[in-house]
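J.: Can you look at this prediction? I've put the sequence above it.
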Amino acid sequence: MALQGHNTMLQPRHCAHANMVARVLAMGRTGRRQQVASAAEQKIPTAMLAVAPQQLVQLQHSNRTGVACRVAAVVEAPPAAAPPAAGFVTRDDIRNIAIIAHVDHGKTTLVDAMLKQSKVFRANQDMAERVMDSNALERERGITILAKNTAIRYKGIKVNVIDTPGHADFGGEVERVLNMCDGVLLLVDSVEGPMPQTRFVTKKALALNKKVVVVVNKIDRPAARPDWVVDSTFELFMDLGATDEQCDFPVVYASGVNGIAGASPENMQEDLQPLFDIIVREVAPPAVAPEAPLQMLVTNIDYDEHKGRIAIGRVTAGTIKKAQQISVCSSLEPGKNRAGKVNELFVYDNFSRVPVENVQAGDICAVTGIQDIGIGETLCNRESPVPLPTIKVEEPTVSMTFKVNTSPFAGKEGKYVTSRNIKDRLDRELERNLALRVEPGETADSFVVSGRGTLHLGILIESMRREGYEFEIGPPKVITREVDGVKCEPYEEAVVEVPENYVGSVVELFAQRKGEMLDMQPSIEGTTRLTFKIATRGLLGLKNALLTATRGLGLLNTLFDSYRPVAGDIHMRENGSLVAFETGQVTAYAIETAQERGQLFVKPGSQVSAVSASSGVYPDCV
């Protein structure tokens, strides 16, 4: 929308448009949903709401009769969308979207409802809840850890859907899959509103210029406040420096668990058709060059016992075919290409992989036959191998030491116990986990593993343990760096939802760890939302202390903010640990005396070992 900066005398037929501009100015930009509703009542084009207030004009009455009115500018109609460039075509039969949100805002549940209503499953088929969470750890913890692909059909259009993790520690999964989509569904809880991870994923989507469709989810909650949520989301876009076009985001209201959606909270349909319609209408179809040489950026890796490694990505240009001879290259190693062959080719359709003979540009597919393929590499024609820019993710902030188990109980529980076993497993993890780093430790049998946070590393530790690996771990440590000659450490933004009665305890707890309170505002149902800036070092072990201080009612969410000068010594804990002073069997007599001094996790008959603090093993784990 353009504004011309010259004075123009408008005839009476133009006065209505000038009055419309004045009414938009009177609305302000504080309540966007109210603006849209008011604009509809007053017959104001919704696109006019995207214009910045300073660009709009003030209405000036030029004479008493009101026959004419003068304005300082003329609002022009927005320009038509530019046609695809020469050699490019628009694939109207495909939409590629990713679903992004903060943890527990209902992404996977909404995908379940979309799959059900797309007739993906038979009427008599038993469908588990959170069907996209296929990993055992995901089901146990109730969170999404790995990004996954599926596809549905709506009115003859194939919609590729990517379900992403919501926890900040797995933000690397979100960063890499955004390369495959043209738009995102940003889910926001109808009560909580934008949370720390909402800010992170929205920032990444806006930076890549992805079309954002805001979905106010869980609209059926009794305490839902959709107006406040939309306004808070609008403010988030403004804080992130979004353009006026990006700030004019479409909004749809939904309840994933009930499978309903609507254009307003008062006008909910009985199914998700409004959501499907807005995806097809607002997310642009991919503009591709089908006749250009093949280019496909690998953004994910899967594995099958029979097919081996499976490369997943979006075909950016050209066409990939079954049994095609290709080149594998990377922008990080120009000129170093290796040959490969496509054994099998699959596309995602109706919650399954369907074998096909070829895949054209714009679609997402899976390729087998290249056993040494890695994330960030490009599949190209052998005649003209031109790699695409590789995927970059943010650097890790926390590290832990993995080493061979040297305790008296070594080799009694695990199947893989040697340093070679541990190294091979960590190398395999590096192939698909871009946010992870592995470096040699101080000794030949130790490794320094770095990740986005303690949960990121904790999931890796638990996965390895279940696979039969036995090893020792050291305490988590933050990764420092030199910035302009000053030693700096990572800081995070922490948001705490807590009942009003425990606000003082939470503030005191963060103050002990040198946290700085940025904001405090009332939330819902007698709770208060506190926002702190605190060093990552101060967050280590904070969650358990927070739950104790709030009687289990406090909710903590964090997001990496920046590197700042080291905060100095931080008081991490008030109490020590109870440790065994010799190897042997626990006796009831010993427990009776020790249980008065702290909480125990052993019982009579348990085997314990004495481990010195110099061993690098957490004393709490003894």
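T.: Perfect, I can see it now. Numbering: from 1, shown residues only.

J.: Spatially, what comes nearest to Phe447 if we skip its sequence neighbours?
T.: Phe402 (4.8 Å; Cβ to Cβ, 6 or more residues apart in numbering). Backbone N, C-alpha and C define where each C-beta goes, glycine included.

J.: what is that neighbour paired to in the beta sheet?
T.: Phe447, Ile473 (DSSP bridges).

J.: Could you list the low-pLDDT ranges of this structure?
T.: 1-87, 119-135, 138-139, 142, 574, 611-622 (pLDDT under 70).

J.: Show me the longest strand that occurs in it.
T.: strand 486-499 (DSSP state E).

J.: Give me the helices and strands touching that one, please.
T.: helix 196-207, strand 481-483, helix 503-512, strand 527-535, helix 536-539, strand 555-565 (3 or more Cβ pairs under 8 Å, 6 or more residues apart in numbering; DSSP states H and E).

J.: now the angle between strand 555-565 and that strand, please.
T.: Between strand 486-499 and strand 555-565, the angle comes out at 160 degrees (axes from the mean of the first three to the mean of the last three Cα atoms, to 10 degrees).

J.: From the chain's centroid, how far away is strand 486-499?
T.: Centroid separation for strand 486-499 versus its chain: 19 Å, with Cα atoms, centre = their mean, to the nearest Å.

J.: Just checking: what are the partner strands of that strand?
T.: In its sheet, and by DSSP bridges, strand 486-499 pairs with strand 481-483 (antiparallel), strand 527-535 (antiparallel), strand 555-565 (antiparallel).

J.: Name the surrounding residues that touch the helix or strand hosting Val347.
T.: Using DSSP states H and E, Val347 falls within strand 344-348. Residues outside strand 344-348 that contact it (Cβ atoms under 8 Å, 6 or more residues apart in numbering): 149-151, 160, 307, 320-322, 353-359, 363-369.

J.: how far out from the middle of the chain is that strand?
T.: 26 Å.

J.: Now that strand: buried residues?
T.: Residues 345-348 are the ones in strand 344-348 that count as buried (16 or more other Cβ atoms under 10 Å).

J.: ditto for stretch 499-519
T.: For stretch 499-519, by 16+ other Cβ under 10 Å, it's 499, 502-503, 505-507, 509-510, 512-515, 517.

J.: Now the two most distant members of those.
T.: Of all pairs drawn from those, the greatest distance, 24.5 Å, lies between Pro499 and Lys514 (Cβ to Cβ).

J.: check contacts around His105.
T.: 166, 187-189, 192, 195, 198, 217-218.

J.: any chance of these in a markdown table, plus distance to Ala113 and neighbour count?
T.: Listed next are the contacts of His105 as a markdown table, based on distance: Cβ to Cβ, whole Å; neighbours: other Cβ atoms under 10 Å:
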| residue | distance to Ala113 | neighbour count |
| --- | --- | --- |
| Gly166 | 17 | 26 |
| Leu187 | 12 | 25 |
| Val188 | 17 | 27 |
| Asp189 | 16 | 21 |
| Glu192 | 20 | 24 |
| Met195 | 22 | 23 |
| Thr198 | 21 | 26 |
| Asn217 | 10 | 28 |
| Lys218 | 12 | 24 |
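
J.: Including distance to Ala580 and secondary structure, could those residues go into JSON lines?
T.: Below are the contacts of His105 laid out as JSON lines (distance: Cβ to Cβ, whole Å; DSSP: H, G, I helix; E, B strand; the rest coil):
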{"residue": "Gly166", "distance to Ala580": "39", "secondary structure": "coil"}
{"residue": "Leu187", "distance to Ala580": "48", "secondary structure": "strand"}
{"residue": "Val188", "distance to Ala580": "49", "secondary structure": "strand"}
{"residue": "Asp189", "distance to Ala580": "45", "secondary structure": "strand"}
{"residue": "Glu192", "distance to Ala580": "44", "secondary structure": "coil"}
{"residue": "Met195", "distance to Ala580": "42", "secondary structure": "coil"}
{"residue": "Thr198", "distance to Ala580": "45", "secondary structure": "helix"}
{"residue": "Asn217", "distance to Ala580": "49", "secondary structure": "strand"}
{"residue": "Lys218", "distance to Ala580": "48", "secondary structure": "coil"}
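
J.: Nearest to Thr550 among those residues?
T.: Closest to Thr550, out of all of these and judged by Cβ to Cβ, is Glu192, at 17.1 Å.

J.: for whatever helix or strand comes next after the strand holding Val347, which positions count as buried?
T.: As assigned by DSSP H and E, the chain's next helix or strand after strand 344-348 is strand 353-355. By 16+ other Cβ under 10 Å, the buried positions in strand 353-355 come out as Arg353.

J.: What strands line up against strand 353-355, and which way round?
T.: strand 344-348 (antiparallel).

J.: Could you check how far the residue lying closest to Phe409 once chain neighbours are set aside is from Glu282?
T.: Nearest residue to Phe409, sequence neighbours excluded (Cβ to Cβ, 6+ apart): Ser609, at 6.2 Å. According to Cβ to Cβ, to the nearest Å, Ser609 stands 60 Å off from Glu282.

J.: likewise Ile97?
T.: 10 Å.

J.: Please enumerate the shared neighbours of those two.
T.: Common contact partners of Ile97 and Glu282 (Cβ under 8 Å, 6+ apart): Gly183.

J.: the more surrounded of the two?
T.: Looking at Ile97 and Glu282 with other Cβ atoms under 10 Å, you find the greater number of neighbours at Ile97, namely 21 against 16.

J.: Adjacent strands (with direction) for the helix or strand hosting the more buried one?
T.: Take DSSP H and E as the rule and Ile97 turns out to sit in strand 94-101. Paired strands of strand 94-101, with direction, are strand 157-163 (parallel), strand 183-189 (parallel) (DSSP bridges).
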